[in-house]
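Novice: my questions are about this predicted structure, shown below with the sequence.
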Amino acid sequence: MTVPLLSVDRVSKRFGGLYAVRDLNIAVQRGEIVGLIGPNGAGKTTAVSLITGFVRPDEGAITFDGVDVTGRMPHRLATLGMVRTFQHTASYPSASVLENAIRGAFLVGYRGALASLVRTRAARVAAREASEYALSLLQDLDLLRFADRPAGSIPYGHQKVLGLVHALASRPRLLLLDEPAAGLNQDEVDHVRAILEKINQSGISVLVIDHNVRFISGMCKRLIVMYQGGVLAQGPAADVIKLPAVIEAYLGGMREPA
Amino acid sequence: MASSLSLVTQIAINGLALSAEYAMIALGFTLLFGILRIVNFAHGSLFMLGAMFTYEFCTVFHLPYFEALLLGALSVAALGLLLERIAYRPFYGRELQGIIATLGLAIMLQYAAVILWGQQPLSISPTPFPAVLHIAGASLPSGQLVIIVIATFLLLAFYYFTRFTKLGLALRVVAEDPEIAQAQGIHLNVVYVATFLTSVLLAALAGGLIGQQYTLTPSMGTDALIKAFIIVILGGLGSVPGSILGSVLLGLGTSTLDTLFGGNIAEVTWFVAIIVLLAVRPSGLLGRSHG
Amino acid sequence: MDNSARDVPATSSAPLRMRSSSTRLILAQIAAIAVIVIGLLVWPALFPQEFYLHIAILVLLSIIGSVALHLVMRTGRLSLGQAAFCGLGAYTSTFLVMKVHAPFVMGFLGAIVVPGLLALAIGPVVLRLRGVYFALITFALGEVMQLLLLDAQPLTGGADGIFGIPPPAVFLNSPVAYYYFALIVTAACIGFVYALLSSQVGRALDAIGETDNLAEAAGIAASRFRVFAFVVAASMLGIEGSLFAHYLGYISPQVFGFNASLLYVAANVVGGSTSLVGPIIGSAFLVPLPEFLRGFVQYQQILYGAVLLIVVTIAPRGLVGAITGKMRLCFSRRKDGGDE
């Protein structure tokens, strides 16, 4: 039994008097692409926020690649190689697409405040590397033509892809994606799926939250189903979605694509 | 000695009077933020204008005090309706620009007052409530008792209004979630205008009431605004019970500190208290913020 | 300056960003800068009267503070209490020079360090607040600093202020000399902030100015950078305070109150807060303004308030935003795929 890349052990979080997440146990193995599904309010986004440091757990432990990262700040986790995206904020709307990508590559291009200010050789080299990597990502994902446009002005589907570029730009090892295909039409969803599969094939582990059954079960071999703050079921995608408990939890909640 | 009882009583009475004054100032301010998400930097100026207009109606038009008070408050409210068009409506939803706009407005109002009334301190005389009560060795000017009574009445009326009237309930729903309110058929514009008017009226009434106890200058609004700020930080912006709690805290605390130490100790203390409060509750006073 | 994407300045909304497609724009900008630099250097020759030099010095010093606030605003925080740091710097410098009899350099350094330390102490706590809450708390900070300066009579002379503050050096006793001194310091401050904003640090600042969450996800320590900007700004304001004190020869707490803080805000609003040029232009415009209505202080203030209200209503991006909009129209060629 290999040590998982990410291990969430008995994590709980209360807001006010209510448990958003309770006694949560999740693992992500190296190199896998796993889906996190569940009806609205199941706690999926909260789980991701807890894992990536945006919310501090009340109980439990989170381990990433052997390092205890419970309650650490998100930027620290990014340096360790764990990056998330957001459901509602795909990108920086006022900044250009290129700037978005370069900001995502910040860790690649930064050598400390003093070096950055004084423009030491190392700092300049790093900054160039970051810009070039950002450009190459934009090119790979066919966003280069929008490079100078404000991110908020490009079509929504492209903004979501830009969000992926931003996340990839820091060369993460684990990506946690919050509804990367939400609000997209079928072509765009397929496009995102192709991108994610390519990302996974390049060695990056991925955890995806989404409501789109076909999208997520086609892409992910393993699914984790959350319900009321805990894990209801997990296992091979094809099996899990047929479980009666899962179907019931979802009654009316799971959306088939149009 | 009997004087320590009378000292405590004096502090308590002063504190109560101050709390009542602060509550009136803070209520309108927090209301505007809770429902309209506006931080009205001109709130103090409206307070000051309420005092000035009351003064004007009392000493120039020779109206009896309560009539002058009412007329003064209504005049400011009428002015407020005009100002809402110019300096508030364009900035709904644009918090930071609204701050600048209301700041600009505040400056304009304050110096317009300087032009109209000069910078010398004025007072409403003859004072409408000259009697002074004596309770347990402490003194309470009847004018301050009037403030306490009216403030309490206004707060109770406000409570009743928000709990038991249609408009009041609509107000609370809008404060919670404007979209749901709209979906339920509540006319947002009516609520907004009603809220704005209430806020301005409260400010002006507070000014006119407090004006009979203190001297009036165009800069008195700044001090009132600062008090409002402190109270809403203590009690939570947008929270009416919070404002009341904050007012009582600030009133009693200031009274205690002023009596025992004098100088500016009270003001400095409050700021330090706010910083400490923030350090202890790092997510801010209203819990996880809302951007 | 390398025009390729490798040296893209920190924010692509900066109106002075060079575009290889519009060399005419670049030439126009260089010409404008040249004119301004030459004008600044010969100003005392053109306008030797003490009055004009006085105004010029005040504008220069005010620019330091406006630019400092700009740095904080870039990280997404509007501070209404920056004058507190200016006052602290002024009194620190004065105290060190007059009471401790230290040389001006020590006073100057003290004016940098002490406000910086204060910002470092309260920054991490206060900067957690956002939007109006932060505005309120900094407003309170400004008021309290003023109260403290008033109360600390033995140290600060209270409401009477402090008289007879000596100039930094004997040869800086004349307005002309002080003008160049202020020009050098201001230029250095502007240069420093420009270098900062166009570096990777500036990129981080702009990122957190837009969205903390995305920045954190990409490894940018939002809080740390924000405190950094806050501390740098405080130190710059301290510099302004020191230079101000040793120029005027007299300081009092009233000078460093809300009106002063508001001036920095107004400069950024009127000039435009999206680029460094904004507060510079804003200060240059607003500081001399009262001089045109001398003798009518109340009307000055009403005009001032009106200017704020009008600008934020019709030109939310300030003068710079309006002007660069026009410049873009005049100079840039539209590419296929569109330009905003």
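Specialist: Here it is on my side, so go on. Residues are numbered from 1 along each chain as shown, chains lettered A, B, ... in the order given.

Novice: what residues does the stretch 51-200 of chain C have near chain A?
Specialist: C:A195, C:L196, C:S199, C:Q200 (Cβ under 8 Å from any Cβ of the partner chain). Bear in mind the C-beta positions are built from the backbone N, C-alpha and C, glycine included.

Novice: what about the helices in the stretch 101-250 of chain A?
Specialist: Using DSSP state H, counting those that start in this stretch, the helices of the stretch 101-250 of chain A run over A:106-109, A:113-118, A:121-140, A:156-168, A:186-201, A:213-219, A:237-240, A:244-249.

Novice: looking at those, which is nearest to C:M145?
Specialist: Nearest of the helices of the stretch 101-250 of chain A to C:M145, taken as Cβ to Cβ: helix A:113-118 at 27.6 Å.

Novice: where does A:S91 land in three-state SS?
Specialist: coil (DSSP: H, G, I helix; E, B strand; the rest coil).

Novice: which residues touch it?
Specialist: A:V97, A:N100, A:A151, A:G152, A:Q159, A:L162, A:G163, A:H166, C:L214 (Cβ atoms under 8 Å, 6 or more residues apart in numbering or on different chains).

Novice: does the fourth one touch A:V97 like I think?
Specialist: No - counting by Cβ atoms under 8 Å, A:G152 stays clear of A:V97, with 10.0 Å between them.

Novice: who has more neighbours, those two?
Specialist: For A:G152 and A:V97, the more surrounded residue by other Cβ atoms under 10 Å in any protein chain shown is A:V97, and the numbers stand at 29 against 14.

Novice: for that one, give its distance to chain C.
Specialist: For A:V97, the distance to chain C (Cβ to the nearest Cβ, to the nearest Å) stands at 9 Å.

Novice: is B:S6 part of a helix or strand, or is it coil?
Specialist: helix.

Novice: quick check: bridge partners of the residue of chain A found nearest chain B?
Specialist: Using Cβ to the nearest Cβ, A:F15 is the residue of chain A that sits closest to chain B, at 7.9 Å. Counting by DSSP bridges, A:F15 is bridged to A:L18.

Novice: give me the pLDDT for it.
Specialist: If you check A:F15, the pLDDT there is 88.

Novice: can you pull out the strands in the stretch 101-250 of chain B?
Specialist: Secondary structure of the stretch 101-250 of chain B (DSSP state E, counting those that start in this stretch): strands at B:132-135, B:138-141.

Novice: roughly how far does the most far-flung residue of chain A relative to its centre sit from chain C?
Specialist: In chain A, counting by Cα atoms, centre = their mean, A:V118 sits farthest out from the average C-alpha position, at 34.4 Å. Distance from A:V118 to chain C, counting by Cβ to the nearest Cβ: 9 Å.

Novice: how many other residues sit next to residue 151?
Specialist: All of this is about chain A. Here the number of neighbours of A:A151 (other Cβ under 10 Å) works out to 24.

Novice: the chain in question should be chain B.
Specialist: If you count neighbours by other Cβ under 10 Å, B:A151 ends up with 26.

Novice: was I right about it contacting B:A20?
Specialist: Yes - with contact defined as Cβ under 8 Å, B:A151 reaches B:A20; the gap is 3.7 Å.

Novice: no further questions, thank you.
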